[in-house]
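Asks: Curious how this folds, go ahead:
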Amino acid sequence: MNVREEARAMKLAAPRMAASTMEQRNAALTKIMEVLEEKKNDIYRANDADVDAAKASGVPQPVIKRLRFNEGKLKDCVSGLKQLTLLPDPVGKVTLRRELDEGLLLERVTVPIGVIGVIFEARPDALIQISSLCIKSGNCAILKGGKETTNTNRILFDLIYEAVTGAGLPAGCLLQVTAHNEIDELLGCQGDVDLLIPRGSNKFVQYIMDNTNIPVMGHSSGVCHIYVDGMADLQKAIPIIVDAKTQYPAACNAVETILVKRSIAAKFLPMLDDALYHAGVKVYGTEEVTGYMEAEQIGDEDFGIEYSDLKLSVKLVSDVSEAVDHINCYGSHHTDAIITEDDEAAAFFEQMVDSAGVYRNCSTRFADGFRYGFGAEVGISTGKLHARGPVGLEGLVTYKYRLTGNGQIVGDYAEGRKEFHHKDL
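Replies: Residues are numbered from 1 along each chain as shown. Coordinates of the predicted model:
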């Protein structure tokens, strides 16, 4: 079958997946944990082949780090799976219960979205996170990973599929597509695929949005900022910035621009210069910045870049208000932070910055579903409809209204023989 036919079959399987019990879904997650541990050496061998091929083709080192699936990443994945099994069932929650009239009961109940197509970057742990979240939330999923991790994704998917079907979940609940041309087939599956979640470059996500009628949720870039206020504790600021840039520079929540209040530039920028030099970070800054630290000069038109590398932009601003304006203009509405001991400045920043994540005195790298206690995430949404920020279980369900009566008809209410009393229960 082609992708369209597979998606149509999956759409028919979706109600059975939605009707599965939390015990069945948790059993599937437990089986995934077991098989990942049991077959880890096979997974590592497949990943070594992918990494070797990527190195031979000249893939940059930050991307190689994303491709690598090792003991540490396996441990994180298993920890996320365990966390997911402990989370409450997101399906079947009654979020409204209202008696419209005697014997006429309205309920709003959470349900899975249905069939979700996820197109994600070459990162093997993403496949585990995405599939496990879809399973826990009762959704069917079509998965398309990056070509650089073809071998790793293939073995991971096969192991996961065997585990979930072995736990009694429907055979059509997961599908892996591997060919690049299948992306365009997937984009044409309106009516069968309920939601697309693309993860990748700005250009790629925009392509998805422009070439499908399926609703799209996601973010196109991660241009994150840290503003160092005049009342910042500079001893806190340095390790926060270094962590936000260097802990995983290719991540979408790594910081790309540092804004510094002009009044502390003479004291702070030399400190920052020394720390970034020893961390191997190349700095770009305005002409004003180059007077205080080693930096390649850039203009305002050069801000808004997602480096995804050990590179960083620096600019001076007069106050928190100018910092907010810069972030809202050049940022991607992903995650932005202020470093300050001033409660008033922090409150202004948190209120006025229009981003999915707004932090105070901590690294932007905390923007992550696992770190939020969601178990994992299917991605980060910078939009404002349905889900925002790291998208975990709650972002993968919608709701339906159930109305239970006993022979009532609208005519009785339209003609005044009966009246609604709308009593919340």
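
Asks: for the spatially most central residue of the chain, what are its contacts?
Replies: Centroid-nearest residue in the chain, with CA atoms, centre = their mean: residue 379, separated by 2.0 Å. Each residue near residue 379 by CB atoms under 8 Å, 6 or more residues apart in numbering is listed here: 118, 120, 197, 199, 217, 218, 219, 390, 391. The C-beta positions use only the backbone N, C-alpha and C, and glycine is treated the same way.

Asks: ok, it to residue 300 distance?
Replies: Counting by CB to CB, to the nearest Å, the separation of residue 379 from residue 300 is 30 Å.

Asks: SS state for the residue lying closest to residue 188 once chain neighbours are set aside?
Replies: Spatially, and ignoring its direct neighbours in sequence, residue 188 is nearest to residue 4 (6.7 Å; CB to CB, 6 or more residues apart in numbering). Secondary structure for residue 4, judged by DSSP: H, G, I helix; E, B strand; the rest coil, is helix.

Asks: same deal with residue 172?
Replies: coil.

Asks: Repeat that for residue 90.
Replies: coil.

Asks: okay, it: pLDDT?
Replies: pLDDT for residue 90: 95.

Asks: now the strands: where do they sit in the stretch 251-400 of the chain?
Replies: 255-261, 282-285, 296-297, 311-317, 335-339, 357-360, 380-381, 389-390, 397-404 (DSSP state E, counting those that start in this stretch).

Asks: right, and those - which one's nearest residue 93?
Replies: Residue 93 lies closest, by CB to CB, to one member of those: strand 397-404, at 8.2 Å.

Asks: so what does the closest one touch, helix or strand wise?
Replies: Packing contacts for strand 397-404, counted by 3 or more CB pairs under 8 Å, 6 or more residues apart in numbering; DSSP states H and E, involve strand 104-112.

Asks: what's the spacing between the residue nearest to the centre of the chain and residue 296?
Replies: Residue 379 is 32 Å from residue 296, by CB to CB.

Asks: cool, residue 231 as well?
Replies: In terms of CB to CB, residue 231 sits 30 Å off from residue 296.

Asks: which of these two has more neighbours?
Replies: Using other CB atoms under 10 Å, the more surrounded residue of residue 231 and residue 296 is residue 231, with 16 against 12.

Asks: residue contacts, the more buried one?
Replies: So residue 231 contacts 340, 341, 342, 345 (CB under 8 Å, 6+ apart).

Asks: swap the cut-off to 10 Å and go again
Replies: 261, 264, 320, 339, 340, 341, 342, 343, 344, 345, 346 (CB atoms under 10 Å, 6 or more residues apart in numbering).

Asks: what does residue 352 give?
Replies: 320, 321, 323, 324, 325, 327, 328, 358.

Asks: which of those residues lies closest to residue 94?
Replies: residue 358 (31.6 Å).

Asks: What about that closest one, how many residues nearby?
Replies: Neighbours around residue 358, by other CB under 10 Å: 17.

Asks: for it, what are its contacts?
Replies: 327, 335, 336, 337, 338, 346, 349, 350, 351, 352.

Asks: which of the residues you listed are buried?
Replies: Neighbour-count burial (16 or more other CB atoms under 10 Å) applied to these gives 327, 335, 336, 337, 338, 346, 349.

Asks: Residue 133 versus residue 387, what's the distance?
Replies: With CB to CB as the criterion, residue 387 and residue 133 are 12 Å apart.

Asks: where do the contact lists of the two overlap?
Replies: 378, 379, 395, 396.

Asks: Pull the number of nearby residues for the residue nearest to the last one when sequence neighbours are not counted.
Replies: The spatial neighbour of residue 396 that comes closest, neighbours along the chain excluded (CB to CB, 6+ apart), is residue 137 at 4.0 Å. For residue 137, the count of nearby residues is 28 (other CB under 10 Å).

Asks: same deal with the one 4 residues further on?
Replies: If you count neighbours by other CB under 10 Å, residue 141 ends up with 24.

Asks: Find the nearest non-adjacent residue to residue 318, please.
Replies: Residue 318 sits nearest to residue 262 (CB to CB, 6+ apart), 5.7 Å away.

Asks: for the one you found, what are its contacts?
Replies: 230, 288, 315, 316, 317, 318, 319, 322.

Asks: Repeat that for residue 195.
Replies: By CB under 10 Å, 6+ apart, the neighbours of residue 195 are 113-118, 139, 214-218, 378, 386-387, 395-396, 398.

Asks: where along the stretch 51-200 of the chain do the helices fall?
Replies: Using DSSP state H, counting those that start in this stretch, the helices of the stretch 51-200 of the chain run over residues 61-67, 71-86, 124-136, 150-166, 181-187.

Asks: Compare those and give me the one nearest residue 241.
Replies: Nearest of the helices of the stretch 51-200 of the chain (CB to CB): helix 61-67, 17.9 Å.

Asks: elements contacting that closest one?
Replies: helix 40-56, helix 124-136 (3 or more CB pairs under 10 Å, 6 or more residues apart in numbering; DSSP states H and E).

Asks: Make a markdown table from these and add mean pLDDT to it.
Replies: Formatted as a markdown table, the helices and strands packed on helix 61-67 follow (pLDDT from 0 to 100):
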| stretch | mean pLDDT |
| --- | --- |
| helix 40-56 | 96 |
| helix 124-136 | 94 |
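
Asks: Out of the contacts of residue 231, which is nearest to residue 82?
Replies: residue 339 (33.5 Å).

Asks: Can you tell me who the closest one pairs with across the strands?
Replies: residue 228 (DSSP bridges).

Asks: Return the residues in contact with it.
Replies: Residue 339 neighbours (CB under 10 Å, 6+ apart): 226-229, 231-234, 236-238, 240-241, 258, 260, 346, 359-362.

Asks: From the residues you listed, list just the buried residues.
Replies: Buried, going by 16+ other CB under 10 Å: 226-229, 231-232, 237-238, 240-241, 258, 260, 346, 359-360, out of the contacts of residue 339.

Asks: Find the pair from those with maximum spatial separation.
Replies: Farthest pair in these, by CB to CB: 238 and 346, 18.8 Å.

Asks: quick one: low-confidence parts of this structure?
Replies: Residues of the chain meeting the criterion pLDDT under 70: 219-220.

Asks: per-domain residue ranges of it.
Replies: 3-218+391-401, 224-366 (automatic domain parsing).
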